[in-house]
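**Student:** would you be able to build a 3D model of this:
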Amino acid sequence: MSTLKVNRIEPRTGDTVEIVGLDIPEPPEIPESPVKAYVNFAGQGSIQLRNIKNVSHITQNSGGKYTVHFATPFSHNQYVVASSASISDAGTDVSAPTSVHNYQIGSVDVWTTSSNHTAGNFYDAFTVCLIICGDD
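**Tutor:** Now for the predicted structure:
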């Protein structure tokens, strides 16, 4: 058997090149992402959306309490939410506890507190992130 090493194969004018005997596997199917929505927003001062997918807007209900509104509602409220937040403490970002509440087909609430304050004291977070997964 011979080995042919070339950088380019060009057909003659009007001809086509047919390569036979190559075993090229079919590419695997890429499954649909379970992530149906996500958001990264600034929660201090006026809300600033930094990076979003399927989020229309965010309402600040009170200090540290936000409602994330979906651009396209879910068909049910059994989706999964992972959340995180950070606050600026003396110029240093520190992790802030979050909790998720009020799962609706068109929105979900996220609450942020300061790790330096007692439980139940809600605090506007410097950064709030949510990833929402579901089978919609």
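
**Student:** can you list the low-confidence ranges for this structure?
**Tutor:** Applying pLDDT under 70 to the chain flags residues 1, 17, 21, 88-93, 115-120, 136.

**Student:** could you redo the last one with a cut-off of 50?
**Tutor:** For the chain, no stretch is flagged by pLDDT under 50.

**Student:** give me the most central residue, it.
**Tutor:** Tyr38 (3.5 Å; Cα atoms, centre = their mean).

**Student:** and that residue, what helix or strand is that in?
**Tutor:** Using DSSP states H and E, Tyr38 sits in strand 35-42.

**Student:** note down every partner strand of that strand and its orientation.
**Tutor:** strand 48-53 (antiparallel), strand 127-133 (antiparallel) (DSSP bridges).

**Student:** do you know which of those strands lies nearest Phe74?
**Tutor:** strand 127-133 (8.2 Å; Cβ to Cβ). Quick note: C-beta positions are derived from backbone N, CA and C, even for glycine.

**Student:** so what touches the closest one?
**Tutor:** With contact meaning Cβ atoms under 8 Å, 6 or more residues apart in numbering, strand 127-133 is reached by 34-43, 50, 54, 66, 68, 70, 79-86, 93, 98, 100, 108, 110, 112.

**Student:** try 6 Å
**Tutor:** With Cβ atoms under 6 Å, 6 or more residues apart in numbering as the test, strand 127-133 has contacts from 34-41, 43, 79-86.

**Student:** how about it: buried residues?
**Tutor:** Using 16 or more other Cβ atoms under 10 Å as the test for burial, strand 127-133 gives 127-132.

**Student:** tell me the one among the residues you listed nearest to Pro11.
**Tutor:** Pro11 lies nearest to Ile131 out of the buried residues of strand 127-133, by Cβ to Cβ, at 49.8 Å.

**Student:** distance of the closest one from Pro34?
**Tutor:** 10 Å (Cβ to Cβ, to the nearest Å).

**Student:** one more: Thr127?
**Tutor:** From Thr127 to Pro34 the distance is 23 Å (Cβ to Cβ).
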